[in-house]
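S.K.: Coordinates for the following, if possible.
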Amino acid sequence: MDTNETPAQGSHRSHSIAAFLSFLWPGLGQFYLRNRRAAAIFALPAVLVLALVIYELRQGPIVFVARFVDPSFSRIAAIIAVLFGLWRLAAVAHAFVGNDRARARSVLDRAVVVALAAVIVISHAGAGFLLAQTSDATSHVFATPGPSSLVDLTTPVPSVDASATAGPTSTPTPVPSIDKRVTILLTGFDAGPGRQETLYDSMMLVSYDPVANSVQMSNVPRDSTSFPLYFGKHQVVPTSLRLNSVPTNIAKGGIAGSPDSPYMTLVNEVSYLVGIQIDYYAAMDLGGFVKLIDQVGGIDVVNPTAINDPYYDWLDGRPYGVIIPAGPQHLDGIHALAYVRSRKSAGDNDFGRSSRQQEVLVALLHKMAQPSEILNIPSLLSTLGSTVTTNFPAGQVADYVAIGQNVPSDHFTGFVLSPSAGYSEYLPSGALCLFNARVAALSVKLFGTDSLWSGKPAPANTCPA
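M.R.: Have a look, this model is predicted:
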């Protein structure tokens, strides 16, 4: 028996209602008209799309959103959004016309269908456009670094120093695996107007151990000096050179013999000093935060101690000095940058501003995750694309977000290489010198056999007498 209804049988049913039902769900209007074969045909793709969304939501909405960081995922999602919109249009049109194509429709019925079609076109075309923009923006963040990269990855000219021993050779970027430890170096650099050189004012290691399902974090003092180099004969740098200026120094030829690019020299030097293999890096222009924070309407922080820094340089010609009271504060972009850069208030130092940098990052991420920021995502990602460079594979971001959600809060361990913690000392110049042996022992304690110092003699002290 044919399940399809004849024109005579279905003439009493409203085709505008059928169109509206197919607008809500493809095939629903055809089912209302008792055209079950057409209902199944139109409903099947919609069911498949719904099943795909449910599958991608299996690890929660946060991981689902993180998947759009992958440019290929966003690109495919944009295509699906447009094609599904076209399919909805076809379903609405078919339900409205039905089997009685010769029957005239009222002006009101036609107006309703035109309105439904307009909503479909605007929503799906808009979603496709936003997803395409997201794909383009994130592709800049995860693009293979080239000459225009935010960090200098220029291959150095081989050293002619025959007395230097061979340094480490570059290896292909590994693929993240949940079966082994993965360590990332996060660096924030200040290259704003008025700077004569690029200084990496913020450096932090984040290491995930899958065996213990734990995360270890460490700051790396920007003003470290008198440290041994990881290549050659491990010569000690002069006290006039600080860790945050290593890339610029390498680029200008101040340090000879590095087998790596200026930025990778910094990455490998941090790896050597802290004693852990660094698999990936993410470099961020701190100046780019001004635009990001202004785009989200500012951020809210709780300043633990009043900031009164008479020497703060705004880098835009305005008079020196910044004051930020203690307590809850709503900061716009330029004041948020001052909040994370200032370090010369009474009792303040690099370690104080390191904690403020972490607070601002958390506040910014929280603000970006608000539902009201959904339509702002492409512009936010576009700004990130011009201020962030990383070699972490985009396709693995969501997987590690999922992993991070499953790490218990008491499995996060942070350590600070500060003088008060006993891992460094201040020199008369104001720079810091790391106690190499103590840092190596801490590395073994935190990273176990993954530590590069595991099973090796403690490194010698290189601090000035």
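
S.K.: all strands for the stretch 151-300 of the chain, in order.
M.R.: 182-190, 199-209, 214-219, 280-285, 299-303 (DSSP state E, counting those that start in this stretch).

S.K.: who does the fourth one touch, helix- and strand-wise?
M.R.: The reference is to strand 280-285. strand 182-190, helix 262-274, helix 377-387, strand 388-390 (3 or more Cβ pairs under 8 Å, 6 or more residues apart in numbering; DSSP states H and E). Every C-beta, even on glycine, is put in place using the N, C-alpha and C of the backbone.

S.K.: quick revisit: mind checking which of the strands of the stretch 151-300 of the chain is nearest L108?
M.R.: For the strands of the stretch 151-300 of the chain, distance to L108 was read as Cβ to Cβ. The smallest value, 49.8 Å, belongs to strand 299-303.

S.K.: residue boundaries of the helices in the stretch 351-465 of the chain?
M.R.: Applying DSSP state H, counting those that start in this stretch to the stretch 351-465 of the chain gives helices spanning 377-387, 397-405, 436-447.

S.K.: average pLDDT for the first one?
M.R.: It stands for helix 377-387. Per-residue pLDDT over helix 377-387 has a mean of 70.

S.K.: Redo the helices of the stretch 351-465 of the chain as CSV? Include distance to N303 and mean neighbour count.
M.R.: Listed next are the helices of the stretch 351-465 of the chain as CSV, based on distance: least, Cβ to Cβ, whole Å; neighbours: other Cβ atoms under 10 Å:
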stretch, distance to N303, mean neighbour count
helix 377-387, 24, 19
helix 397-405, 27, 18
helix 436-447, 30, 19
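
S.K.: among those, which is nearest V267?
M.R.: Of the helices of the stretch 351-465 of the chain, nearest to V267 by Cβ to Cβ is helix 436-447, at 16.2 Å.

S.K.: Any idea how far the helix or strand where A46 lies is from the middle of the chain?
M.R.: In the assignment (DSSP states H and E), A46 maps to helix 36-56. Centre-to-centre, helix 36-56 and its host chain are 33 Å apart (Cα atoms, centre = their mean, to the nearest Å).

S.K.: rewinding a little: out of the helices and strands packed on strand 280-285, the one nearest F73 is which?
M.R.: Nearest to F73, of all those, is helix 377-387, at 13.1 Å by Cβ to Cβ.

S.K.: Can you list the buried residues in the helix ranked longest in the chain?
M.R.: Using DSSP state H to assign secondary structure, the helix with the most residues in the chain is helix 107-141. Neighbour counts over helix 107-141 (16 or more other Cβ atoms under 10 Å) mark 109, 112-113, 116-117, 120, 124, 127-128, 130-141 as buried.

S.K.: coming back round to it: so which of the helices of the stretch 351-465 of the chain is nearest D179?
M.R.: Of the helices of the stretch 351-465 of the chain, nearest to D179 by Cβ to Cβ is helix 397-405, at 11.8 Å.

S.K.: then that closest one to CSV, C-alphas only?
M.R.: C-alpha atoms of helix 397-405 as CSV (Å, rounded to 0.1, in the frame of the first residue of the first chain):
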residue,chain,number,x,y,z
VAL,A,397,44.1,21.1,21.4
ALA,A,398,40.7,19.8,22.2
ASP,A,399,42.1,16.4,23.4
TYR,A,400,44.4,18.2,25.9
VAL,A,401,41.6,20.4,27.0
ALA,A,402,39.6,17.2,27.8
ILE,A,403,42.6,15.8,29.6
GLY,A,404,43.1,19.0,31.6
GLN,A,405,39.5,18.8,32.9
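
S.K.: by contact count, what packs against that helix?
M.R.: Helix 397-405 packs on helix 61-66, strand 199-209, going by 3+ Cβ pairs under 8 Å, 6+ apart.

S.K.: let's see 10 Å
M.R.: Here helix 397-405 touches helix 61-66, strand 182-190, strand 199-209, going by 3 or more Cβ pairs under 10 Å, 6 or more residues apart in numbering; DSSP states H and E.

S.K.: Adding distance to R356 as columns, could you present the helices of the stretch 351-465 of the chain in JSON lines?
M.R.: Output for the helices of the stretch 351-465 of the chain, formatted as JSON lines (distance: least, Cβ to Cβ, whole Å):
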{"stretch": "helix 377-387", "distance to R356": "19"}
{"stretch": "helix 397-405", "distance to R356": "22"}
{"stretch": "helix 436-447", "distance to R356": "24"}
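
S.K.: in the stretch 151-300 of the chain, which segments are predicted with low confidence?
M.R.: Judged by pLDDT under 70, the stretch 151-300 of the chain has its weakly predicted residues at 155-178, 191-196, 287.

S.K.: Quick check, F42 in contact with G29.
M.R.: Yes. Between F42 and G29 there is a contact under Cβ atoms under 10 Å: 8.4 Å.

S.K.: who touches both of these two?
M.R.: Overlap of the contact sets of F42 and G29 (by Cβ atoms under 10 Å, 6 or more residues apart in numbering) consists of S22, N35, A91, V92, H94, A95.

S.K.: Which one of those is nearest to V416?
M.R.: For the shared contacts of F42 and G29, the nearest to V416 is A91 (60.0 Å; Cβ to Cβ).

S.K.: what about the closest one, which helix or strand?
M.R.: For A91, the host element (DSSP H and E) is helix 71-97.

S.K.: just how off-centre is that helix within its chain?
M.R.: Its chain's C-alpha centre and that of helix 71-97 lie 29 Å apart, by Cα atoms, centre = their mean.

S.K.: again, but for stretch 388-403
M.R.: Using Cα atoms, centre = their mean, the offset of stretch 388-403 from its chain centre is 8 Å.

S.K.: how's this protein carved up into domains?
M.R.: Listed by automatic domain parsing, the domain ranges of the chain are 7-141, 182-287+371-450, 297-368.

S.K.: Identify the residue spatially nearest to E197, adjacent ones excluded.
M.R.: Sequence neighbours aside, T248 is the residue nearest to E197 in space, at 4.1 Å (criterion: Cβ to Cβ, 6 or more residues apart in numbering).

S.K.: count of residues packed around that neighbour?
M.R.: As a burial measure, T248 scores 20 neighbours (other Cβ atoms under 10 Å).

S.K.: Kindly report the same for the one 4 residues further on.
M.R.: Using other Cβ under 10 Å, K252 is surrounded by 11 other residues.

S.K.: now P45
M.R.: 16.

S.K.: Give me the average confidence score over the helix holding A46.
M.R.: Mean predicted confidence for helix 36-56 is 95.

S.K.: Same question for stretch 114-131.
M.R.: The average of the pLDDT scores along stretch 114-131 is 93.

S.K.: Residues contacting it, please?
M.R.: Stretch 114-131 has contacts (Cβ under 10 Å, 6+ apart) with 16, 19-20, 22-24, 68, 73-89, 91-93, 95-96, 374-378.

S.K.: picking that back up, among the shared contacts of F42 and G29, give me the pair with the biggest separation.
M.R.: Across those (Cβ to Cβ), the longest gap, 14.1 Å, separates N35 and V92.

S.K.: Which residue, other than its chain neighbours, is closest to A43?
M.R.: Nearest non-adjacent residue to A43, counting by Cβ to Cβ, 6+ apart: G27, 3.1 Å away.
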